[in-house]
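1. Kindly generate the corresponding structure for this input.
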Amino acid sequence: MTLRRRSVLSLLGLGTAGMVTARVLSDGSFDPLAERVGRRSRPFDPVRVPLPVEGDGLTASEQHNVYRDISLGDRLTLPDGFSADLLAAWGDRLGDSRFGFNNDHLGFVQYGADQASMTVNFEYISALPWAEGFEDVIGQALPFSRLVEQLAPADGEIDCTALPAGDPLLNLIRAVADQAMTDLGVGVMSLRRDAQGHWVRADAATDRRITGITGLSDPSQRLVSTGPAVAVFRARQRLGYDDGLGDGIVGSFANCGGGITPWGTVLSAEENIQSQVPEAVYADGSSVPPSERPFLCREGKLAGLGNVYGLAGNKYGWMVEVDPQRSGNAVCKHTALGRFRHEAVAVRAQAGLPLQVYSGCDRRGGHLYRYVSSGSVTDVADKANSRLLEAGELQVARFHADGSGEWLPLTPDAVVDPFRPSRFSEANLTCPVELPHRDRAQAGAELFRDDASVEAYARQFRTLADLYRGEGDGLQGAILIDAHLASSAIGATPTARPEDTKIDPISGDLLIAFTSGSPGGRGGADPAVFRGPEGQSSWGHGWVMRLTERGERGFRWTMAVTGGEPWAGGLGLTNPDNLALDQRGNLWIVTDRSMKSAAGDVFGNNSCWWVPRDGGSALCFATGPTECELTGVCLDQEETSIFLAVQHPGEVNGARSPGDFEFQSHRLVDREGETFDQLRQVPLGSNWPAQAPGRPPRPGVVAIHRANGKPLLAG
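-> I've put the predicted structure just below:
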């Protein structure tokens, strides 16, 4: 239960209480006297979150006292003895451009003890804080408000491809869109250790930016493509749109998750491309025209940027490879890994075996994928391994409720056998099944809500070769361009928004963060697999799954972590997003609850958690500033530093002014099952990292370390 209202008054007496620490006993109970006898079982004193959790070390009565009245802060909060250094923030110089907006995945690659690179994804534009703070941060005017006013009669929407060259309105649109596209994409910055052993910027010649429009004016800078979809891009005849660029690609955007290859390149995942370009494609893999995703600019809203430049939607939604050491190397989009709403990537490389690459499609009902290269790895550290990303087989996971599963190949001969809608309705869910449109002259998908129509569909189309058009690589490319719908057609399991994939360094298992099992209007997660702690068919708080490979195509799975309130069977966090594993196999989790909805308000600001491998309580390591998401969690080789990206602070309310907060009322449950009420003060908007009232919030990246220089988990 929440009670929300905006206030400019101070709430007297609403403060914070000190943390009481405890050790975990063998029966799972807590010893509140642990503060007196030492904290050997804890590597750090956890940051207090705004609800009772197992690891807070408090008795039930202490939980009442501590949590009854609290206030949240607009800051990055860390355990005592830790400090954070800001490495870069939106607007800082980077290469020949600037550090972009809404930093997400951090690709930390270390070269020896004192040198490293950090490859940073810039995912999307939060229009309110971006436009509000642009002039202050960038140092030049942005005609955002004037453009909003110009487009107001059309409700902010316009098809720029219909405007003549030189149209004054098009020039005004470009003045905004060019700046937005500059703040998207990928950046590479060099790092070094200073005299105190802390990571700082090094400003090397390898620093660079790949923006949303890299290659637009200089064809030599265009991104290159590899794999089967190249045949689609080069086709002289097509059902849909031709951008005239062949297999060349302008820019990259919607860069969300990612991963590091064992040979030192970084993979950047293009995720929610549908916000900027059309996602739908025809049966031959060609894109619908850019007019299908018009440019949109309203107060607090900016989308359809690809429309301004006539970008082909089928060239976005890929896995992008960047070599941070070789700034002269072309940036590659590897189409053999499939096109979908990529979120994160994990690479398994063993000498003598094919390369395996795991990724998830972050949408409600999205799938989990595995790519297996045609060739084998010789030297794990050899940069020539990038060639293995150009040819192989993309597979998609089918999960079974008994904990087993198998990988289905996305090939032309794959049999059409979709997931049945009755599996949703039997669990009292109203999710449709989304499949490629039956009229193969039409692009995109249609929704199916009954088994009879799905079974008729499977009789009409026996294999993927019946659904897609082309020969050889052209046919395989068309399937891979439409990977999500093709996977749905062959019966891949709809999952709960897979957001990150990581390889356990000890067991070799795959860990997957499924951020939310809530259903949506175009699909949802299989209720037989993605169940809540008490068997709920819909669970919005998410999980972390452990997947163990079994044989060539089989696997076993189990849920390792369940999100949610502790009294509801969860860990005390919600919506696990990015993951990291340290050398001991402990799990680090950052969360991504939406700040645009009150549904997760009880959990407070997004956070970073440490989950010990050998049992015991999960501990909160950090909470973020107001309205932000913490992303990109990763560690250096010595594990003396951990890196976090603070994304979209102030996304909902922009810059915070003095006295601008709201009250919330929450009903909580203590460790003995008794309920009590909490009154909470929450800031509205953010000034991070400036921490000065009225200053614009800026997404940025921090390096966190112990003040004494010891390893993070030295205790």
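2. mind showing which ranges of this structure have poor pLDDT?
-> Scanning the chain for pLDDT under 70 picks out 1-40, 715.
3. correct me, but S41 touches G615?
-> No: using Cβ atoms under 8 Å as the test, S41 is too far from G615 to be in contact (10.2 Å). In this view, the C-beta of every residue, glycine as well, is placed from N, C-alpha and C.
4. So for those two, which sits in the more crowded spot?
-> S41 (16 against 9; other Cβ atoms under 10 Å).
5. Let me know the helix or strand that the more buried one is in.
-> Following DSSP states H and E, there is no helix or strand that holds S41.
6. again with the one 10 residues further on
-> In this structure, L51 is located outside every helix and strand according to DSSP H and E.
7. list the contacts for it?
-> 67, 565-566, 572, 602-604, 666, 668, 678 (Cβ atoms under 8 Å, 6 or more residues apart in numbering).
8. Looking at the residues you listed, which one is closest to W557?
-> G572 (23.1 Å; Cβ to Cβ).
9. so what's the backbone phi/psi at the closest one?
-> Phi and psi for G572, reported as degrees, to the nearest 10, are phi 110, psi 0.
10. Angles on the backbone of M181, please.
-> phi -70, psi -30.
11. and S83, how many residues sit next to it?
-> 12.
12. From F419, how far out is it?
-> Distance of S83 to F419, computed by Cβ to Cβ, to the nearest Å: 49 Å.
13. for A60, same thing?
-> In terms of Cβ to Cβ, A60 sits 44 Å off from F419.
14. So which of these two has more stuff around it?
-> F419 (24 against 14).
15. Test my guess that G310 contacts D243.
-> Yes: using Cβ under 8 Å, G310 is in contact with D243, at 6.3 Å.
16. Now do the helices in the stretch 351-500 of the chain.
-> 422-425, 451-460, 464-467, 473-481, 483-489 (DSSP state H, counting those that start in this stretch).
17. Could you export those as CSV, including mean neighbour count?
-> CSV is the format used below for the helices of the stretch 351-500 of the chain (neighbours: other Cβ atoms under 10 Å):
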stretch, mean neighbour count
helix 422-425, 18
helix 451-460, 14
helix 464-467, 20
helix 473-481, 25
helix 483-489, 26
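18. Tabulate these in CSV, adding columns for distance to I503.
-> Listed next are those as CSV, based on distance: least, Cβ to Cβ, whole Å:
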stretch, distance to I503
helix 422-425, 31
helix 451-460, 35
helix 464-467, 29
helix 473-481, 23
helix 483-489, 22
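19. residues contacting L305?
-> For L305, counting by Cβ under 8 Å, 6+ apart, the contacting residues are 177, 180-181, 184, 212, 253, 276, 295.
20. could you redo the last one with a cut-off of 10 Å?
-> Contact analysis of L305 by Cβ atoms under 10 Å, 6 or more residues apart in numbering lists 124-125, 160, 173, 176-178, 180-181, 184, 212-213, 251, 253, 275-277, 293, 295-297, 311.
21. ok, the residue lying closest to G264 once chain neighbours are set aside to G187 distance?
-> In space, and not counting its chain neighbours, G264 is closest to V109: 5.3 Å by Cβ to Cβ, 6 or more residues apart in numbering. Counting by Cβ to Cβ, the gap from V109 to G187 is 14 Å.
22. Which residue, neighbours along the chain excluded, lies closest to Q350?
-> V377 (6.3 Å).
23. The one you found is in contact with R348, isn't it?
-> Yes: counting by Cβ atoms under 10 Å, V377 touches R348, with 9.5 Å between them.
24. Who has more neighbours out of these two?
-> Neighbours were counted for V377 and for R348 using other Cβ under 10 Å; V377 has more, 22 against 18.
25. Pull the contacting residues for the more buried one.
-> 262-263, 348-356, 384-385, 388.
26. With distance to N102 as new columns, can those residues be given to me in a markdown table?
-> Formatted as a markdown table, the contacts of V377 follow (distance: Cβ to Cβ, whole Å):
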| residue | distance to N102 |
| --- | --- |
| P262 | 28 |
| W263 | 28 |
| R348 | 29 |
| A349 | 30 |
| Q350 | 35 |
| A351 | 38 |
| G352 | 41 |
| L353 | 37 |
| P354 | 35 |
| L355 | 30 |
| Q356 | 30 |
| A384 | 34 |
| N385 | 30 |
| L388 | 31 |
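27. Could I get the full set of strands for the stretch 251-400 of the chain?
-> Ranges of strands within the stretch 251-400 of the chain are 255-260, 266-270, 295-298, 301-303, 319-322, 332-334, 342-348, 354-361, 368-376, 392-399, based on DSSP state E, counting those that start in this stretch.
28. To clarify, my last question referred to the stretch 551-700 of the chain.
-> Under DSSP E, counting those that start in this stretch, the stretch 551-700 of the chain gives strands at 554-562, 576-581, 587-591, 607-611, 619-623, 629-635, 641-647, 661-669, 675-683, 700-706.
29. Let me see the domain layout of the protein.
-> Using automatic domain parsing, the domains assigned to the chain come out as 5-71, 82-706.
30. With respect to burial, which of the ones you listed scores highest?
-> Mean neighbour count (mean count of other Cβ atoms under 10 Å) peaks for domain 82-706 among these, with a mean of 20.
31. next one: that one to chain centre, how far?
-> In terms of Cα atoms, centre = their mean, to the nearest Å, the centre of domain 82-706 is found 4 Å from the chain centre.
32. circling back to that earlier point, quick one: closest of the helices of the stretch 351-500 of the chain to V232.
-> helix 473-481 (4.3 Å).
33. Overlap in contacts, G310 and D243.
-> Contacts common to G310 and D243, judged by Cβ under 10 Å, 6+ apart, are 250, 289-290.
34. closest to W610 among those?
-> Of the shared contacts of G310 and D243, the one sitting nearest to W610 (Cβ to Cβ) turns out to be V250, at 41.0 Å.
35. wait, the closest one sits on V331?
-> No: using Cβ under 10 Å as the test, V250 is too far from V331 to be in contact (11.5 Å).
36. Please enumerate the shared neighbours of the two.
-> 214-215, 221-223.
37. Take the residues you listed and write them to CSV, including secondary structure.
-> Shown next, in CSV, are the shared contacts of V250 and V331 (DSSP: H, G, I helix; E, B strand; the rest coil):
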residue, secondary structure
T214, coil
G215, coil
Q221, helix
R222, coil
L223, strand
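38. In these, find the pair that's most separated.
-> Farthest pair in the shared contacts of V250 and V331, by Cβ to Cβ: Q221 and L223, 8.3 Å.
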